[in-house]
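[1] mind folding the following:
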Amino acid sequence: MRSLTLLSTLLLSLLLGNAALAQTTEPGTEGQASNAAQASTEETSAASADGLPAPEIEPALPQAQALPHDLSPWGMYLAADWVVKGVMIGLLIASLLTWSVWIGKLIQLAQARRRANRLLHLLVDSEHFAQARQHSAQQRGAGMDLLQATAHELALSARGPASDEGIKERIGARLDRVQIHAGSQMNKGTGILATIGSIAPFVGLLGTVWGIMNSFIGIAQSQNTNLAVVAPGIAEALLATACGLVAAIPAVVIYNHFARAINGYRAQLGDIATALLTLVSRDLDRQQGNQNADSEEQHQPVPISMGRH
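    Okay, here's the model as predicted:
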């Protein structure tokens, strides 16, 4: 960004220096004005010598130089070269795309975080996994994908002999994959913001360089370095850089905001996965405790009553 500003400043100072040098070295109107004044003086003297009334001499008024065109942003756009116009239109589309992504992603992320927070509270308040499934039957979102993945793995593990550690390990692996998929889905669209924020200033610089190049060509063809003639072309060129910055700055700010928000959403999914593993571990421990209790009851010796003979 600093290199863009330095290049634009260098080109502008070069043009202004040439214009100032030309204004000091070109044959100015002072000589013409002095010649005109001398001629008028001679005419007045001649008229006085002949006894005629001296003609009234009107003071010379500086001619107002009309600007080549309107210097408003719209006027500069209309007078710009077709390349500069194309650059401005592309940057305008990029800016509209940035704000569209911001609105859509803001709504999507707010809904996802609200659903994840609601499901997390239900899981924390549940005593076992079956109760959690019953309470969260009406919920939606990526958190429900985690819950369904856990239920599916428990159903598959119940079909055959399986250790508690193996069940926990398989559930944890499946929950990790679901979290990665949910995070990638939420990241869709943010790559466009990063691209716009990176290349928009350079696209604007392209329009600036092209416009200044055309200004130099116009100076060479007209052989006139008057600042009133040179300045409109420079203004048109710098307008392209301004459009690039207008498109890039919001894109970078919005991208950084969504990066932080998505990281928070991933943390919520991690909390949901932890709550599910806690429920599964609690259920497995209870099953193991019940099995141990039943085994002890089966192996407990039955007391034999001794009767008298």
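
[2] mind checking what secondary structure the closest residue in space to residue 84 that isn't next to it in sequence has?
    In space, and not counting its chain neighbours, residue 84 is closest to residue 207: 4.5 Å by Cβ to Cβ, 6 or more residues apart in numbering. All C-beta spots, glycine's among them, are computed from the backbone N, C-alpha and C. Reduced to three states with DSSP: H, G, I helix; E, B strand; the rest coil, the structure at residue 207 is helix.

[3] below-threshold pLDDT in this structure: ranges please.
    The model of the chain has pLDDT under 70 over residues 1-75, 77, 79-80, 225, 227-229, 290-309.

[4] check which helices and strands the biggest helix by length in it sits against.
    Longest helix in the chain by number of residues (criterion: DSSP state H): helix 227-299. Helices and strands touching helix 227-299, by 3 or more Cβ pairs under 8 Å, 6 or more residues apart in numbering; DSSP states H and E, are helix 2-25, helix 73-79, helix 82-125, helix 129-135, helix 142-157, helix 164-187, helix 190-222.

[5] for residue 270, find the nearest of those.
    helix 164-187 (6.7 Å; Cβ to Cβ).

[6] turn the helices and strands packed on helix 227-299 into TSV, including mean neighbour count and distance to residue 240.
    Below are these laid out as TSV (neighbours: other Cβ atoms under 10 Å; distance: least, Cβ to Cβ, whole Å):
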stretch	mean neighbour count	distance to residue 240
helix 2-25	13	10
helix 73-79	15	10
helix 82-125	17	5
helix 129-135	16	58
helix 142-157	18	42
helix 164-187	15	31
helix 190-222	18	3
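
[7] columns distance to residue 281 on top of those, output as a markdown table?
    Formatted as a markdown table, these follow (distance: least, Cβ to Cβ, whole Å):
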| stretch | distance to residue 281 |
| --- | --- |
| helix 2-25 | 55 |
| helix 73-79 | 64 |
| helix 82-125 | 13 |
| helix 129-135 | 10 |
| helix 142-157 | 11 |
| helix 164-187 | 6 |
| helix 190-222 | 35 |
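
[8] of those helices, which is nearest residue 282?
    That would be helix 129-135 among the helices and strands packed on helix 227-299, by Cβ to Cβ, at 8.1 Å.

[9] contacts for the closest one next, please.
    Outside of helix 129-135, the residues within contact range by Cβ atoms under 8 Å, 6 or more residues apart in numbering are 122, 123, 125, 126, 147, 150, 151, 154, 276, 279, 280, 283.

[10] try 7 Å this time
    Contact with helix 129-135 is made by 122, 123, 126, 147, 151, 279, 280, 283, as judged by Cβ atoms under 7 Å, 6 or more residues apart in numbering.
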